[in-house]
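Trainee: Just the structure for this:
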Amino acid sequence: MTEAAATESPALGERATRGALVTIGAQLLRMVIQLASVIILARLLDPHDYGLIAMVLAIIGVGEILRDFGLSSAAVQSETLSRAQRTTLFWLNTGIGGVLALAVFLCSPLIAAFYGRPELVAIASVLSITFLVNGAATQYRASLVRDLRFASLARIDITAAALALTVAIIGALAGLGYWALVAQQLTSVGVLLVLLVFAARWAPGIPRRGTPVRSLVGFGGNVVLSQLIGYVSNNVDSVIIGYRFGAAPLGIYSRAFQLLMTPLNQVRSPLTSVALPVLSRLGAEPERFARAVTLGQLALGYSLVPVLALVIGAGDSITHLFLGDEWMAAAPVLRLLAVAGTFQLLAFVGYWVYLSRALTGVLVRYSLVSSLIRITCVVVGSQWGIVGVAWGYAIAPALSWPVSLWWLSRHTPLPTARLYAGAARILAGATLASAAAWGATSMSHELVSIAQVGLAILAVVLAYAAISLVPAMRRDLARLLDLRRHLPRLRGRT
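Mentor: Numbers count the residues shown, from 1 in each chain. All right, here's what the predicted structure looks like:
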């Protein structure tokens, strides 16, 4: 699957299924590491430490989108990619990363002035290094995704996350405070770069003039514009909380966000790495494309939404178990973020369709609409503190999800009816499961939190066992278990 040869690949269904299983398995391990990070560091650091880091990341995180510039997706989506093109993209990403690193370093006093926290100057200055490192790593990761080397990516991501957590724990135990979290960020990106370079085993040469990358840059430009719009709307909650309420409330909010949304994003993003090359290669087969999109939504809905249903029903017990008494103010935020995550998952297959069908211009226009909805909801909700912000964050995707399907259906054939019907079944199951989890924790409130969570998990399992008796949902599960049969064979790309 390199540019040197085009050989017969194994069946797409087999490779896609294997890639999805490897990716999901790896992300489950990463989620365990993430949960360990939340549990351990929440007991070694205080909300103020997390709030300071969240203030910086909410602003400079936009640079990560600019650093990628959509070129990783462009490289993966492209039918062919020569060594010269890959080299040019590498230097583009690295150059953008270097410029952003310098820009953040110079603007660190402005970031500190915005929040009124002088310690942010040093934090932002040090974290600016991550842009250059991640810029150099971008095309190495894209190369592994393009070659469907998901096992290698899984090992790399897990190793980097584990080493970064180890460094953070050592720093926290040494009394470094928020600098332990800075060290965690730097360790993660540094280890990722080294391991990606070793795994990809290619070295960029000198970029040559005349290399045809205009179409790739154009594709990436639309992607990055839509991602920027989405980033602003996704982080307006943190910026508003940090600006209006200070570091400690933001620390509480960010802990709930990291406990739930960060692991969720860690699963969604790699699954895009599996879905994008698969859907891109099904563009000429409308019915199989539609079937794959429907299966993608069902896979997300029946694998991840049950976890979110558990959080909705047992939010208090989960907060107490993982964060402790000091963080109980995060419980209602955690529940509402789980509601937001459910609707985001239902809409996420639309993002795959936009990229795989190269509808990036359409994606930009939709992103403007959905971002306006989210910003409006969050700003209005902020009148009632961090819980009001969480309400706004939860309501926004519930409003924009049906808009997304309608918008897409105007520009490309889409199994809209099947997607709505599948979503209705997923939401019905989640409602029953969350009610069961709530009932289990309510009846066991005198027990320790770990017992309450255990009973809630059992209740969710029993709820989905009952759901599987419904014929339509039983058919959904049967299709997912026989995923490979629904996907065609594929010839390799150059």
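
Trainee: okay, now residue 262: neighbour count?
Mentor: Residue 262 has 16 neighbours, counted by other C-beta atoms under 10 Å. From N, CA and C alone the C-beta is placed, and that goes for glycine too.

Trainee: Tell me who's in contact with it.
Mentor: residue 34 (C-beta atoms under 8 Å, 6 or more residues apart in numbering).

Trainee: Next: residue 118.
Mentor: If you count contacts by C-beta under 8 Å, 6+ apart, residue 118 has them with residue 112.

Trainee: Recalculate using a threshold of 10 Å.
Mentor: Contacts of residue 118 were listed using C-beta atoms under 10 Å, 6 or more residues apart in numbering, and they are 109, 112.

Trainee: Does it belong to a helix, a strand or coil?
Mentor: Of the three states, residue 118 takes coil under DSSP: H, G, I helix; E, B strand; the rest coil.

Trainee: elements contacting the helix or strand where residue 106 lies?
Mentor: Assigned by DSSP states H and E, residue 106 falls within helix 83-115. Contacts defined by 3 or more C-beta pairs under 10 Å, 6 or more residues apart in numbering; DSSP states H and E place helix 83-115 against helix 47-60, helix 62-68, helix 71-77, helix 120-127, helix 129-146, helix 214-245.

Trainee: where does the closest residue to residue 168 other than its chain neighbours land on pLDDT?
Mentor: Here the nearest residue to residue 168 in space, its sequence neighbours aside, is residue 184; by C-beta to C-beta, 6 or more residues apart in numbering that works out to 3.7 Å. Turning to residue 184, the model gives it a pLDDT of 92.

Trainee: distance of residue 184 from residue 190?
Mentor: Note on residue 184: its distance to residue 190, by C-beta to C-beta, to the nearest Å, is 11 Å.

Trainee: shared neighbours, the two?
Mentor: Common neighbours of residue 184 and residue 190 (criterion: C-beta under 10 Å, 6+ apart): 163, 164.

Trainee: Among the two, which residue is more densely surrounded?
Mentor: A side-by-side neighbour count of residue 184 and residue 190, using other C-beta under 10 Å, places residue 184 first with 22 against 17.

Trainee: Would you quantify the distance from the more buried one to residue 193?
Mentor: The value you get for residue 184 to residue 193, if C-beta to C-beta is used, is 16 Å.

Trainee: And residue 264, by the same measure?
Mentor: On the measure of C-beta to C-beta, residue 264 and residue 193 end up 25 Å apart.

Trainee: before we move on, what about residue 42?
Mentor: In this view, residue 42 and residue 193 are 28 Å apart by C-beta to C-beta.

Trainee: what's the answer for residue 38, then?
Mentor: With distances defined as C-beta to C-beta, the gap from residue 38 to residue 193 amounts to 25 Å.

Trainee: same thing with residue 39?
Mentor: Distance of residue 39 to residue 193, given as C-beta to C-beta: 28 Å.

Trainee: per-residue confidence at the nearest residue to residue 323 once chain neighbours are set aside?
Mentor: What sits nearest to residue 323 in space, not counting adjacent residues and going by C-beta to C-beta, 6+ apart, is residue 42, at 4.9 Å. pLDDT for residue 42: 79.

Trainee: The residue positioned nearest the centre of the chain is in what secondary structure piece?
Mentor: Centroid check for the chain by C-alpha atoms, centre = their mean gives residue 265 as the closest residue, at 2.3 Å. Residue 265 is part of helix 247-280 when elements are defined by DSSP H and E.

Trainee: For that helix, the averaged confidence score.
Mentor: Along helix 247-280, the predicted local confidence has a mean pLDDT of 75.

Trainee: Repeat that for stretch 447-460.
Mentor: Across stretch 447-460, pLDDT averages out at 94.

Trainee: chain center to that stretch: distance?
Mentor: A distance of 27 Å separates the C-alpha centroid of stretch 447-460 from that of its chain, computed with C-alpha atoms, centre = their mean, to the nearest Å.

Trainee: which parts of it are buried?
Mentor: By 16 or more other C-beta atoms under 10 Å, the buried positions in stretch 447-460 come out as 449, 452, 453, 454, 455, 456, 457, 459, 460.

Trainee: Mind listing residues that contact that stretch?
Mentor: Counting by C-beta under 10 Å, 6+ apart, 306-307, 309-311, 313-322, 324, 429-430, 432-446 sit against stretch 447-460.

Trainee: give me that answer again for 8 Å
Mentor: Stretch 447-460 is touched from outside by 306, 309-310, 313-314, 317-318, 320-321, 433, 436-437, 439-441, 444-445, with contacts defined as C-beta under 8 Å, 6+ apart.

Trainee: which strands and helices sit next to the strand or helix carrying residue 364?
Mentor: In this structure, residue 364 is located in helix 360-381 according to DSSP H and E. If contacts are counted by 3 or more C-beta pairs under 8 Å, 6 or more residues apart in numbering; DSSP states H and E, helix 360-381 sits against helix 214-245, helix 331-356, helix 385-409.

Trainee: mind putting those helices in CSV, mean neighbour count and distance to residue 154 included?
Mentor: Formatted as CSV, the entries for the helices and strands packed on helix 360-381 read as follows, by neighbours: other C-beta atoms under 10 Å; distance: least, C-beta to C-beta, whole Å:
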stretch, mean neighbour count, distance to residue 154
helix 214-245, 20, 24
helix 331-356, 24, 20
helix 385-409, 21, 28
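
Trainee: Following element in sequence after the helix holding residue 265, please.
Mentor: Proceeding N to C from helix 247-280, the next assigned helix or strand is helix 286-303, under DSSP H and E.

Trainee: Figure out the length between the terminal residues of stretch 375-390.
Mentor: With C-alpha to C-alpha, to the nearest Å applied, stretch 375-390 spans 12 Å between its terminal residues.

Trainee: if we can go back for a sec, mind checking which of the buried residues of stretch 447-460 land in helices?
Mentor: When the buried residues of stretch 447-460 are checked against helices (DSSP state H), the matches are 449, 452, 453, 454, 455, 456, 457, 459, 460.

Trainee: tell me the phi and psi of residue 204?
Mentor: When quoted as degrees, to the nearest 10, the phi and psi of residue 204 stand at phi -70, psi 140.

Trainee: quick one: it and residue 85 touch, right?
Mentor: No - the pair residue 204 / residue 85 is not scored as a contact, 11.1 Å apart, by C-beta atoms under 8 Å.

Trainee: Of these two, which one has the most company?
Mentor: With other C-beta under 10 Å as the criterion, residue 204 and residue 85 differ in neighbour count, and residue 85 comes out ahead with 22 against 16.

Trainee: Tell me the spacing between that one and residue 464.
Mentor: Counting by C-beta to C-beta, the gap between residue 85 and residue 464 amounts to 46 Å.

Trainee: what does residue 242 give?
Mentor: Between residue 242 and residue 464 the computed distance is 38 Å (C-beta to C-beta).

Trainee: Between residue 39 and residue 193, point out the one with more neighbours.
Mentor: Looking at residue 39 and residue 193 with other C-beta under 10 Å, you find the greater number of neighbours at residue 193, namely 21 against 14.

Trainee: In space, what's closest to residue 272 - neighbours in sequence excluded?
Mentor: Counting by C-beta to C-beta, 6+ apart, residue 272 lies nearest to residue 352, which is 6.4 Å off, once chain neighbours are set aside.

Trainee: And residue 431, by the same measure?
Mentor: The shortest distance from residue 431 to any residue that is not its chain neighbour, by C-beta to C-beta, 6+ apart, is 7.7 Å, and that residue is residue 309.

Trainee: check contacts around that neighbour.
Mentor: Under the criterion of C-beta under 8 Å, 6+ apart, the contact partners of residue 309 comprise 338, 342, 429, 430, 431, 433, 434, 437, 460.

Trainee: helix or strand for it, which one?
Mentor: Residue 309 belongs to helix 305-313 when assigned by DSSP H and E.
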